[in-house]
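Engineer: Provided below are the primary sequence and the corresponding predicted coordinates.
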Number of protein chains: 2
Amino acid sequence: MAEQQADEIQTPADRFARAREAQSMAILEDYVEMVGDLIEELGEARVADIAARMGVAQPTATKAIARLKREGLATSRPYRGVFLTEEGAALADKVRARHRTVVELLVAVGVPEEVAELDAEGIEHHVSEQSLQAFERFLKAR
Amino acid sequence: MAEQQADEIQTPADRFARAREAQSMAILEDYVEMVGDLIEELGEARVADIAARMGVAQPTATKAIARLKREGLATSRPYRGVFLTEEGAALADKVRARHRTVVELLVAVGVPEEVAELDAEGIEHHVSEQSLQAFERFLKAR
DNA sequence: CAAATGAAATAGCCTTGGCTATATTTTCCA
DNA sequence: TGGAAAATATAGCCAAGGCTATTTCATTTG
């Protein structure tokens, strides 16, 4: 149990496939996090608010929510607010924590706060569990 | 000239819009870099090789190349190889350099080499010029 | 309590980036 | 040199994530 790295070689194709995979999760993660934020702040997540905060038109948000429901991350009834399932809430927490860590890491290596916040929005979805742990160790060890 | 940060506040919507923007450049960047790599390694970039390395079907690569041509980054004639325009070559260089820097930064904060290579593939497209410069300063100052 | 207002859903369109199956063109060799 | 094999292009499909315009439903409120 000394070596934890699998010894499979990673072809470029593998790496790109992995990045594409991460990308398909990214929007899901963003919406779940946003729903979580709104419930916490306002007590409920309305489609109109989700759309406004995500910077998209209302039907785009409705469609995204449909996908969240399909994936078992959220529930909602027509003309009612959106709620997270247990799984959705867990994902929202994970995403929020990861976002914070990524911002902190960027700031720690010298990226200005505002820029860190901007870049983190895209970066976070591609940070693996292993990298995240490295980030945390680095931040603690500073 | 003391403050260099614009004082516009960044709403979440702004940040998401920016991340979406970066995403639409990402695939373009990947293909341009791949074409550059193949030309360097093999003297030419054939559609079949591009597809294999990107891990996509051949028609997918053909379509991506069509987009590169539309955007003025590459040229090609039917049943012939793909070439980069001056602009395309410049972009390829920039992307390659940025990729290296991101991997080095990840390794510098404690991410294992192989993981760094994997994660960098997705992260790099969201690293702004400002963050990149911060990364370089950090690496030099170590 | 009925009508106006406002929110959410639906219809229908676009682009991108995947795919498979099928032409078409080049290339290479017997 | 002609025909098989290999490479590329084309056709046509799908899902995702945008959009606008319109309909439907819920909630006031006069």
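Structural biologist: Everything's here; your move.

Engineer: Give me the angle between the lengthiest helix in chain A and helix B:12-42.
Structural biologist: Taking DSSP state H as the criterion, chain A has its longest helix at helix A:12-42. Comparing the axes of helix A:12-42 and helix B:12-42 via axes from the mean of the first three to the mean of the last three CA atoms, to 10 degrees yields an angle of 170 degrees.

Engineer: Name the residues of chain A found near DNA strand C, please.
Structural biologist: Near DNA strand C, the residues belonging to chain A are A:20, A:46-48, A:58-59, A:62-63, A:65, A:76, A:78-81 when assessed by CB under 7 Å from any atom of the strand. For the C-beta atoms, the positions are set from N, CA and C on the backbone; glycine is no exception.

Engineer: hmm, back to that, can you give me the offset of the longest helix of chain A from its chain's centre?
Structural biologist: Once both centres are worked out by CA atoms, centre = their mean, to the nearest Å, helix A:12-42 turns out to sit 4 Å from its chain's centre.

Engineer: What residues of it count as buried?
Structural biologist: For helix A:12-42, burial by neighbour count (16 or more other CB atoms under 10 Å in any protein chain shown) applies to A:12, A:15-16, A:18-20, A:22-23, A:26-39.

Engineer: circling back to that earlier point, could you dump the residues of chain A next to DNA strand C into a markdown table and include distance to DNA strand D, secondary structure and pLDDT?
Structural biologist: Below are the residues of chain A next to DNA strand C laid out as a markdown table (distance: CB to the nearest atom of the strand, whole Å; DSSP: H, G, I helix; E, B strand; the rest coil; pLDDT from 0 to 100):
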| residue | distance to DNA strand D | secondary structure | pLDDT |
| --- | --- | --- | --- |
| A:Arg20 | 11 | helix | 95 |
| A:Arg46 | 11 | coil | 97 |
| A:Val47 | 12 | helix | 97 |
| A:Ala48 | 12 | helix | 97 |
| A:Gln58 | 7 | helix | 98 |
| A:Pro59 | 3 | helix | 98 |
| A:Thr62 | 8 | helix | 97 |
| A:Lys63 | 6 | helix | 97 |
| A:Ile65 | 11 | helix | 97 |
| A:Ser76 | 13 | strand | 95 |
| A:Pro78 | 6 | coil | 93 |
| A:Tyr79 | 4 | coil | 95 |
| A:Arg80 | 7 | coil | 94 |
| A:Gly81 | 10 | coil | 94 |
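
Engineer: Could you work out the most separated pair of those residues?
Structural biologist: A:Arg20 and A:Tyr79 (35.4 Å; CB to CB).

Engineer: of the residues of chain A next to DNA strand C, buried ones?
Structural biologist: With burial judged by 16+ other CB under 10 Å, the buried subset of these is A:Arg20, A:Val47, A:Thr62, A:Ile65, A:Ser76, A:Gly81.

Engineer: Closest to B:Ile123 out of the residues of chain A next to DNA strand C?
Structural biologist: Nearest to B:Ile123, judged by CB to CB, of the residues of chain A next to DNA strand C is A:Arg20 at 14.0 Å.

Engineer: Many thanks, have a good one.
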